[in-house]
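> what follows is a predicted protein model with its sequence.
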Amino acid sequence: AGGAGPSQEPEEGTEAPSEADAAEAAKKAEEARLLLLLETLTEERIRFGITAESQAAASAEVAEAARLDAAADEAEEEAEADKEA
């Protein structure tokens, strides 16, 4: 029984570092992927001339369009309700 303990400990010890190494490698690969994505997005923003200001303006336009669409839907529903009444 005493001999089985020491023979199992190195196995557990070798598993833990390999799992830690695999986790570290996965973390580094994910960091590299994210950095490449950030670089690509930055290049695309420059290529298309997207600035913080132009993006904010576009977002405001989208929000206004969504607001107008919701108002139109509401008016249409009210008109249908008036017809039924």
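Great, that's in hand.

> can you list the weak-confidence ranges in this protein?
Where the chain drops to pLDDT under 70, the residues are 1-16.

> who are the contact partners of the residue nearest to the spatial centre of it?
The centre of the chain sits closest to Leu34, judged by C-alpha atoms, centre = their mean, with a distance of 10.5 Å. By C-beta atoms under 8 Å, 6 or more residues apart in numbering, no residues touch Leu34. Where you see a C-beta, it was placed from the backbone N, CA and C, and this is true even at glycine.

> quickly find the element holding it.
Secondary structure from DSSP states H and E places Leu34 in helix 4-48.

> how close does Ala63 get to Leu36?
From Ala63 over to Leu36 the distance is 31 Å, taken as C-beta to C-beta, to the nearest Å.

> what does Ala72 give?
Counting by C-beta to C-beta, the gap from Ala72 to Leu36 is 43 Å.

> cool, Glu19 as well?
26 Å.

> again, but for Ala23
Per C-beta to C-beta, Ala23 is found 21 Å from Leu36.

> same question for Lys28.
In this view, Lys28 and Leu36 are 13 Å apart by C-beta to C-beta.

> before we move on, what about Asp21?
For Asp21 relative to Leu36 (C-beta to C-beta), the value is 22 Å.
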